[in-house]
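> Provided below for reference: sequence and predicted model.
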Amino acid sequence: MPLNSAGKSSDQPTRRALLRSAAYGAGALLYSAAATQLAGCGIDENSSAVTLRFWNGFTGPDGEAMLGIIRKFNNDHPDIHVIMQRIPWDVYYNKLFVAGLGGRAPEVFIIHADTLSRFWRAKFIRPMDDLTGPGKLPADDFDPNVWEKVLHDGHHYAIPLDIHLLGMYYNRTLLKKAGIVDSAGNPAPPVDRPQFMDALRRLKGITGPDSWGFVYTWLRTNIYTVIRQNGGDLFTPDHSATTINSPRNIEAVQFCADLVLKEKLVPSPQDFDSWIGFRQGKVGMCWEGIYMLPDLQHQTDLDYGAAPAPTLFAHHAAWCNSHTMCLRADLKGPELEAAKKFIIYVSNNSLDWAAGGQIPIRRSLRRTKRFAEMKAQSEFARQIPYAAYMPSVPFIFEYQSEYDLAIEKSLRGTVPVAAALNTAAINITKIIKRYATNNAAGKSK
Amino acid sequence: MSRTRSRNITGYLLLAPYLILFLVFMVLPLVYGLILSFMQYEMISPLPPHFVGLSHYIAAFHDHYFWKAMSVTCIFVFISVPITIVLALALAAGIERTGPRRQNLYRLALFIPMMITISVAGILWRWFFNSEFGVFNGYLTPMLQWFIHCFPFLAKVINPKIPWLLTPNWAMASIILMTIWWTIGAPVVILEAGLKQIPAAYYEAASLDGAVGYRRFFYITLPLLRPVLLFVTVMSAVGAFQIFGQPFIITKGGPELSTRVMMQYIYETSFNNYRLGYGAAMSWLLFIVIAIFSIIQFRVLREK
C-alpha cells in the first residue's frame, strides 16, 4: 500500500479531503433540500425565462397536488418558471406580511378569502379585474356568492381557487349498527334537527362508553355553521358593529351548549383532537372541512361517508372559506403578464387541485364527469349556494379570538351563553373603535 | 507590543465571532424592540409609525389579558421550576449511586426527550392527553373505574376519565408534566456533574463523625452544590418564564386562556394582530420581570 510523506496510507482520505467531501455533501444536501422546497422543479436554467415566486401554505397532500399543476405549467411554458414556496399556515401570514413590508413579497401568493380585507387595507394586492373577460377567465363561471367575497371598492382583488366547505363525515358502519339506514339498508345521515337528535341518541355508547354520536371538532366552524343556520351573524352588514350577542346567536349557541351540558349527547369539546375519535371509529358523525378528506383517504380501516351538514334551524348554512390567488400590488411588465398566465392556468386546471381534497370554484369544472366521481367533494359541493364565510374585516384575528373564547366558555358551561357573548361584544366593540380611530387619523393625514 | 497587550488582542480576536453575533442578533434587536415599544406601529394601519411615549406600557397595565397571561406564566414558573429542581436533584443523586454503565443508560433516557423538537413532542402529548381517545386515559380510566368499583365511596372524588386538557387546573398540570418530561435531562446532567465535583473526603470525614443519610445530604451535598443549584435554578426559571411551544401546541392557550402565557400573548399581539409597538412593550415588561426574579434568586442562593 503506498504511503504519503506523513507515513499515512495514500488510500486513506486526508483531513482536508474529508472536510472537502463533507462540504460537497452538505452542499448537495442543501441543494436537494432547496430543490424540494422550492418546488418549481429546480433552479431556472433558462436566463431569459421570467421567474415567479409562488407562496402558499399547502404543506400537506394539497401541496403535492399543486406541485403537479406547477410542473405541468413549467413544462408548457418554457418562458416562465414558477417556484413554489410552501410555508405552514401557522406562520404563513406573518412571513408574508413581513416580506411585503420589506418589499420582498412574492409575485403570486395564496390567501384565504376571509383575510383579504387585511391585505387590501395594507395595499399589498392589486386588482385583478383584467384577468377576466373573453379569452381569459369567465367571471360568470364563478359562483356569485364566492366571486363577491373578493370584491373591494368595486374591484376584484383575487381569483378564488376553491371553496373548502364544512360538511358531515359519518361512520357508515356505526350508522348501520344503530339502524340509521334507508329502505335499501344503506346509511342515511341526518338532514334536519329531529333526525340529528335521534341519531345522537342511537349512536351514543354504541361501541362502548367512549363512543359518541357526534363530537365538536373545530369549535369556530362548527358553531358558526349553527349560528348562520339560525339566521345570525357576527357583524352588521357594513361591519361597523358586532351582533355577536344577538338573540339569534344566543339561541344557536345555547342549543350547541345544551347538547354537551344538558342533554349529555356530545362530549366536552376538545377542538381538532376529537377528529382522532372519528378516525378511531368511535364517533358516528362529525362536521369538518373537505380538507380533512386526505386523512380519511389514507385510512383503509374506516368505512366513511360524506354528506351536507344537517340543517338544525330554519336556514341552510355551512361554514366555508376559499383559497384565493393574489398578485403583489406593484407587479408590472413581463412579470405581471407571466403571473396572469399562471393564475389563469391554475384556475383552468383546478380539477387537478380538487383531486387533493378540495372543491374547485369554477362551475364548468364541477359539471364534469371527473368531478362527479369525487364523491365527498360532490356531496360537500351541494352546499355552495348557502356557503357561509366568516366576516372578512381587517381585525379578523382579533375578533375571532374573542369569538373563540366566548364559544369555549359557553360550551364548557363556565359562564352562561348570554354573558359570554355579551363580554365578547364589549371587547369586539373596543377593537372596532380602535380600528375606526386609526382609519380616521390615517385619512386626515 | 507588550506580552499582556498581545494576549488581550488574542482574547478579543477569539471573542470576536461571538461578540459580533451577540451584537447583531441580541443587542440590536433589543434596542430596536425598546424603540418600537414607544411607537404606535400597526402593520395594517393607514397611520405611519409614530412616537406615543409610554402609552403602550400604561395600556398593558389596564389590559386584562396582559395580567391574565402574566399570572399564568408566574403560576407555571412557581410550580414547574421547584418540581424540576427537586426531581432533577433526586434523579442526579440516584444516578450517582448506580454503576458507570447504568449511569450512561439513565442519562441517555433522561436526555432523549430534549432531542425531540417541541412541535413533535407537543403534538404527541396532545394526543396522549385526549380525554376521550388518548393513550393516558386508555390505560388509566379502566384502572380508576376498577378502583371506584372496589371503593364506591371514592366515586364522588375521582373522575375516572381524567380531563387532562379540559379544565384550567388540569390543563396547567398537564403542561407542567409534559415540560418536566421534556426538559429535565439538562438539569439532571448538570447537577450530576456538580455532585461529582464534591470531594469524597468530606463524606469520609462526615462518616467518621457519625453523620449519615439526610445529614450528609443537607450538611455536605446541598451547601457544596449551591453554585450549581443557583445556575440550574436561574436557567430553569428564565426558560420557564419564556415558555411558548408547549402551551402553543398542546392547548393553544386554552381552555379559556388558562394556559396562555406571556410569550404566546406577545406573539399573538405582534404577529397575528400586527400590533408591533404594543407587543414590544409587553416583551420589555416580561424582560423586567425575568430580571427581577433572576436578581432575587442570585441574592437568595449565592454563597455567603
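Perfect, thanks for sending it. Numbers count the residues shown, from 1 in each chain, chains lettered A, B, ... in the order given.
> now the helices for the stretch 101-250 of chain A?
Residue ranges of the helices in the stretch 101-250 of chain A, as given by DSSP state H, counting those that start in this stretch, are A:116-121, A:144-147, A:172-177, A:193-203, A:219-229, A:247-261.
> looking at the ones you listed, which is closest to B:Y41?
Of all the helices of the stretch 101-250 of chain A, helix A:116-121 sits nearest to B:Y41, with 15.4 Å by CB to CB. For the C-beta atoms, the positions are set from N, CA and C on the backbone; glycine is no exception.
> what residue ranges in chain A score low on pLDDT?
A:1-47, A:441-445 (pLDDT under 70).
> remind me, longest helix of it?
Longest helix of chain A, by residue count under DSSP state H: helix A:417-444.
> Next, the buried residues of stretch A:429-445.
For stretch A:429-445, burial by neighbour count (16 or more other CB atoms under 10 Å in any protein chain shown) applies to A:431-432, A:435, A:438.
> Go through the residues you listed and name the one nearest A:M325.
Closest to A:M325, out of all of these and judged by CB to CB, is A:Y435, at 26.7 Å.
> dump the residue contacts of the closest one.
Listed by CB atoms under 8 Å, 6 or more residues apart in numbering or on different chains, the contact partners of A:Y435 are A:394-395.
> neighbours around the closest residue to chain A within chain B, how many?
Residue nearest to chain A within chain B (CB to the nearest CB): B:P46, separated by 2.7 Å. B:P46 sits with 16 neighbouring residues when counted by other CB atoms under 10 Å in any protein chain shown.
> State the phi and psi torsions of it.
Taking degrees, to the nearest 10, you get phi -70, psi -10 for the backbone angles of B:P46.
> I'd like the distance between it and A:P394.
When CB to CB, to the nearest Å is the yardstick, B:P46 and A:P394 sit 10 Å from each other.
> intersection of neighbour lists for the two?
A:R121.
> Up against chain A, what does the stretch 151-300 of chain B have?
Counting by CB under 8 Å from any CB of the partner chain, the stretch 151-300 of chain B comes close to chain A at B:163, B:165-166, B:252, B:254-257, B:268, B:271-274.
> how about a cut-off of 6 Å?
Contact residues, the stretch 151-300 of chain B versus chain A (CB under 6 Å from any CB of the partner chain): B:166, B:256, B:271-273.
> Give me the subset of those residues lying in strands.
Of those, none are assigned to strands by DSSP state E.
> May I see those residues arranged in TSV, with neighbour count as well?
Converted to TSV, those look like this (neighbours: other CB atoms under 10 Å in any protein chain shown):
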residue	neighbour count
B:L166	21
B:E256	20
B:F271	19
B:N272	16
B:N273	19
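> which residue packs closest to A:L261, ignoring adjacent ones?
Counting by CB to CB, 6 or more residues apart in numbering or on different chains, the nearest residue to A:L261 once its immediate chain neighbours are dropped is A:G413, at 4.7 Å.
> Count residues in the vicinity of that neighbour, would you?
Count around A:G413 with other CB under 10 Å applied: 15.
> how about the strands of chain A, start to end?
Using DSSP E, strands in chain A cover A:50-56, A:80-86, A:108-112, A:151-152, A:155-156, A:159-160, A:164-171, A:212-215, A:283-289, A:304-307, A:318-321, A:323-327, A:387-389.
> I'd like these as a markdown table, with distance to A:I70 appended.
Compiled in a markdown table, the strands of chain A are given as follows (distance: least, CB to CB, whole Å):
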| stretch | distance to A:I70 |
| --- | --- |
| strand A:50-56 | 7 |
| strand A:80-86 | 5 |
| strand A:108-112 | 11 |
| strand A:151-152 | 28 |
| strand A:155-156 | 23 |
| strand A:159-160 | 16 |
| strand A:164-171 | 20 |
| strand A:212-215 | 37 |
| strand A:283-289 | 23 |
| strand A:304-307 | 28 |
| strand A:318-321 | 22 |
| strand A:323-327 | 13 |
| strand A:387-389 | 27 |
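> Chain B: which of the ones you listed is closest?
Across the strands of chain A, closest to chain B is strand A:212-215 (CB to the nearest CB), at 7.5 Å.
> How about the closest one and chain B, any contact?
No. Using CB under 6 Å from any CB, strand A:212-215 stays clear of chain B, with a minimum separation of 7.5 Å.
> Partner strands of that strand and their direction?
strand A:283-289 (parallel) (DSSP bridges).
> Which residue is it, in the stretch 101-250 of chain A, that comes closest to chain B?
For the stretch 101-250 of chain A, CB to the nearest CB, closest residue to chain B: A:A122, 4.4 Å.
> In space, what's closest to that residue - neighbours in sequence excluded?
Per CB to CB, 6+ apart, closest to A:A122 is B:I44, 4.4 Å.
> how near is the nearest residue to A:D130 once chain neighbours are set aside to A:I361?
Leaving aside its sequence neighbours, A:D130 sits nearest to A:K340 (CB to CB, 6+ apart; 7.4 Å). According to CB to CB, A:K340 and A:I361 sit 18 Å apart.
> for A:S410, same thing?
In this view, A:S410 and A:I361 are 33 Å apart by CB to CB.
> how about the nearest residue to residue 297, chain neighbours excluded?
I went with chain A, as the question did not name one. Going by CB to CB, 6+ apart, A:Q297 has A:G357 as its nearest residue, at 7.3 Å.
> looking at chain B here, not the other one
Computed as CB to CB, 6+ apart, the closest residue to B:Q297 that is not its neighbour in sequence is B:V234, at 5.2 Å.
> wait, that neighbour sits on B:I295?
No. Using CB atoms under 6 Å, B:V234 makes no contact with B:I295, being 9.7 Å away.
> before we move on, back to that, okay, A:K340 and A:I361: which has more neighbours?
Remark: of A:K340 and A:I361, A:I361 carries more neighbours, 26 against 19, as counted by other CB under 10 Å.
> For the closest residue to that one other than its chain neighbours, give me its contacts.
Nearest non-adjacent residue to A:I361, counting by CB to CB, 6+ apart: A:P160, 4.5 Å away. By CB atoms under 6 Å, 6 or more residues apart in numbering or on different chains, the residues touching A:P160 are A:146, A:322, A:324, A:361.
> which residues does the second one contact?
Right, the one you point to is A:S322. A:S322 sits next to A:113, A:160, A:163 when contact means CB under 6 Å, 6+ apart.
> please redo it, this time with the cut-off set to 8 Å
With CB under 8 Å, 6+ apart, A:S322 has these contacts: A:112-113, A:146, A:149, A:160-164, A:361, A:389.
> And the residue in the stretch 151-300 of chain A that chain B sits nearest to, how close does it get to A:A113?
Distances between the stretch 151-300 of chain A and chain B by CB to the nearest CB are smallest at A:G277, namely 4.4 Å. To A:A113, A:G277 is 30 Å away according to CB to CB.
> helices or strands next to the helix or strand of chain B with the lowest mean pLDDT in the packing?
Among the helices and strands of chain B, helix B:213-216 carries the lowest confidence by mean pLDDT, DSSP states H and E, at a mean of 81. Contact analysis of helix B:213-216 by 3 or more CB pairs under 8 Å, 6 or more residues apart in numbering or on different chains; DSSP states H and E lists helix B:200-208 as its packing neighbours.
> got the buried residues for the helix it packs on?
Buried residues in helix B:200-208 (16+ other CB under 10 Å): B:Y202.
> same check, this time on stretch B:89-102
B:89, B:91-93, B:95.
> Nice, that's everything, thank you.
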